[in-house]
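Visitor: Kindly generate the corresponding structure for this input.
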Amino acid sequence: MDTLQNMRTFVCVAEAGSFSHAAKQLNVAVATVSRSIAALEAHLRARLLNRSTRHVALTEVGQRYLARCEQIIAHVDEAENEAGNTQLRPSGRLRVHSMMAVGRHYVVPAIADYRQQYPDVSFELTMANRMPDLIEEGIDVAIVLAAQLPDSGYVSQRIGQSYSVLCASPDYIARRGAPSTPQALRDHECLRLINPSNITDHWEFHGDEDVQRINLGPSAFQVNMGDAMIEAIEAGMGVGSLPVFSAQKGIDSGSLVRLLPQYRLQCLNVYAVYTNRRYLDAKIKVLISQLRSVLPGGQALAP
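Guide: Below is the predicted model of the structure:
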């Protein structure tokens, strides 16, 4: 028995004053209304309505039950409207996980802009260079950098692209010169930015017409943090690969010089990953849209 629907039918009958008028309002047969009321009375083991050939009247129990039904239905309708509005206007808390470099340079500024437009949304941002378990950790959306995502039960959207560039300091170039080809790097001090989940022993250079792979020998310096790599390169320790969004500030200020600008390294995609495609919350949709508008290649990737 659908108790809530039968309660709605009972309220309609009480307000309309007859089964036939209630049936017209509900767009159902009179017999359907009669069965609903009978089922509700049987469930409650109480008579709610006194019936005559022309109209119905509430019993004393029916009057008390009507007041309760109206309260319950109002609360249910309010809850449904509130839940439904999450598909229309962002509100509530949004738990976001982001890999560190893209989080610092894109996600945090996007959240700042988001909060100006939608102050009813609060954020809980976690940054770490790993793919989280969205369900176990209660994450609404993860922003992930990867060449490709592994198979999983999650839903993903490709919202941008990233790549790395080769950099050195003006002082290093003055001392050692600038390499003219990827192969010339064998004569240079190559610093390595490592990721425990993706340790490589080579650099792959993507040009307009070719791809060149250079194996890396032992390095005098390797580190797992992009900021530390920037410091090492600016200090003249050697040549290093940096995500373009991490390197751009130094390139603009002159503390870094981009080498072999005709090539890109470590071309990656930026993905938004979430648990379910159906009924995607408006606050997640807005964040994805904002990130797509500012990420390199994001607008070109938009469906």
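
Visitor: can you tell me how far the spatially closest residue to V244 that is not a sequence neighbour sits from L260?
Guide: Leaving aside its sequence neighbours, V244 sits nearest to V165 (Cβ to Cβ, 6 or more residues apart in numbering; 5.2 Å). Bear in mind the C-beta positions are built from the backbone N, C-alpha and C, glycine included. According to Cβ to Cβ, to the nearest Å, V165 stands 8 Å off from L260.

Visitor: Give me the contact list for stretch 233-252.
Guide: Contact with stretch 233-252 is made by 101-102, 105-106, 162-169, 171-172, 175, 179, 185, 188-193, 203, 220-221, 226-227, 229-230, 232, 255-259, 265-266, 296, as judged by Cβ atoms under 8 Å, 6 or more residues apart in numbering.

Visitor: likewise stretch 11-28?
Guide: 9, 29-30, 32-34, 37, 49, 51, 54-56, 58, 62, 66, 69-70, 73.

Visitor: now those residues: which count as buried?
Guide: The neighbour count (16 or more other Cβ atoms under 10 Å) marks 9, 33-34, 37, 49, 56, 58, 62, 66, 69 as buried among the contacts of stretch 11-28.

Visitor: Sitting in strands, which of these do you find?
Guide: 49, 56, 58 (DSSP state E).

Visitor: in the helix ranked longest in the chain, what counts as buried?
Guide: When the chain is parsed with DSSP state H, its longest helix is helix 60-85. Neighbour-count burial for helix 60-85, counted by 16+ other Cβ under 10 Å, picks out 62, 65-66, 69.

Visitor: Distance from the chain centre to it, please.
Guide: Counting by Cα atoms, centre = their mean, to the nearest Å, helix 60-85 is centred 34 Å from the centre of its parent chain.

Visitor: just checking, next helix/strand downstream of it?
Guide: Where DSSP states H and E defines the elements, the next helix or strand beyond helix 60-85 is strand 92-98.

Visitor: re earlier: could the ones in strands among the buried ones among the contacts of stretch 11-28 be laid out in a markdown table, adding distance to G17 and pLDDT?
Guide: Formatted as a markdown table, those follow (distance: Cβ to Cβ, whole Å; pLDDT from 0 to 100):
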| residue | distance to G17 | pLDDT |
| --- | --- | --- |
| L49 | 10 | 92 |
| V56 | 7 | 86 |
| L58 | 10 | 91 |
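
Visitor: What is the nearest of the residues you listed to K283?
Guide: Checking those against K283 by Cβ to Cβ gives L58 as the nearest, at 44.3 Å.

Visitor: now stretch 146-159: mean pLDDT?
Guide: For stretch 146-159, mean pLDDT is 85.

Visitor: Just the endpoints, please. Distance across it?
Guide: 12 Å (Cα to Cα, to the nearest Å).

Visitor: Distance to D151 and pLDDT for the buried residues of helix 60-85 - can I get that in JSON lines?
Guide: Formatted as JSON lines, the buried residues of helix 60-85 follow (distance: Cβ to Cβ, whole Å; pLDDT from 0 to 100):
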{"residue": "G62", "distance to D151": "58", "pLDDT": "92"}
{"residue": "Y65", "distance to D151": "53", "pLDDT": "92"}
{"residue": "L66", "distance to D151": "55", "pLDDT": "90"}
{"residue": "C69", "distance to D151": "49", "pLDDT": "91"}
